[in-house]
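A.B. asks: Have a look at this fold, sequence not included:
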């Protein structure tokens, strides 16, 4: 009888301990920091970009184009995360202003950016979680048959790229977040071949800022 009572007590203890152990395991897994994949799409805000081309000085503003990015990231702590992103920004046609005169242009500007960023998520009491961050990388800029009375350019250059980010995340499920982000992108100056110009003639740009607005979906991968 005593053996039966002892066995029953052990079984009861095991049954009581099992839910506690399972809860501990769930807490442990909940604290594991996840890798994530984020897809973003949006558009740049049109701004003037200064240029010097064959002695012509002016400003060029493309029509509104589009911006898209894919990022792989890792949650490093409850608040910090890091990500590497590949993005493309495109502006088409637009106008150049030379000597106060507006001159229509055709063609496109394409920018492919590879960047690493560190981001900080703020703690809040609600479901909305704002974040800020900064990034550094390289941008590959291509002027594709950008032609008009101000300048004519077809060429490529690789320039330094940096960014400041601010946005908010809203959970859609345990593994999916909706994100909104503003990015102040900074591009270093570059030199691009003047179409039909003399050998060595270039269109030069200065360090410029790009304003990007995107909406995204972030998927936790583990």
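C.D. replies: Arrived safely, thanks for sending. Every value quoted in this text rests on a predicted model; they were computed, and no experiment measured them.

A.B. asks: low-confidence ranges in this structure?
C.D. replies: 1-33, 150, 195-200 (pLDDT under 70).

A.B. asks: okay, now the domains of it?
C.D. replies: 1-31, 34-220 (automatic domain parsing).

A.B. asks: Contacts for stretch 55-65, please.
C.D. replies: 43-51, 89-99, 105, 108-109, 146, 150-151 (CB atoms under 8 Å, 6 or more residues apart in numbering). Every residue, glycine included, has its C-beta placed from N, CA and C.

A.B. asks: Report the distance from that stretch to the chain centre.
C.D. replies: Computed by CA atoms, centre = their mean, to the nearest Å, the separation of stretch 55-65 from the middle of its chain amounts to 24 Å.

A.B. asks: before we move on, back to that, among the contacts of stretch 55-65, name the ones in helices.
C.D. replies: Using DSSP state H, no member of those falls within helices.

A.B. asks: now those: which count as buried?
C.D. replies: Buried subset of those (neighbour count, 16 or more other CB atoms under 10 Å): 43-44, 46, 49, 51, 89-92, 94-96, 98, 105, 108-109, 146, 150-151.

A.B. asks: Quick one: the helices in this protein, in order.
C.D. replies: Under DSSP H, the chain gives helices at 2-30.

A.B. asks: all strands for it, in order.
C.D. replies: For the chain, the strands defined by DSSP state E cover 35-45, 49-53, 56-75, 80-98, 101-121, 129-148, 153-171, 176-187, 191-193, 202-205, 208-220.

A.B. asks: And for the first one, what's in contact with it?
C.D. replies: Put plainly, it is strand 35-45. Contacts of strand 35-45 (CB under 8 Å, 6+ apart): 64-75, 81, 83, 85, 87, 89, 91, 179, 181, 210-222.

A.B. asks: out of those residues, which are buried?
C.D. replies: For these, buried by 16+ other CB under 10 Å: 65, 67-69, 71, 73, 75, 81, 83, 85, 87, 89, 91, 179, 181, 210, 212, 214, 216, 218, 220.

A.B. asks: For residue 123, which non-adjacent residue is closest in space?
C.D. replies: residue 79 (6.9 Å; CB to CB, 6 or more residues apart in numbering).

A.B. asks: Next: residue 190.
C.D. replies: Spatial nearest neighbour of residue 190, chain neighbours left out: residue 157 (3.5 Å); criterion: CB to CB, 6+ apart.
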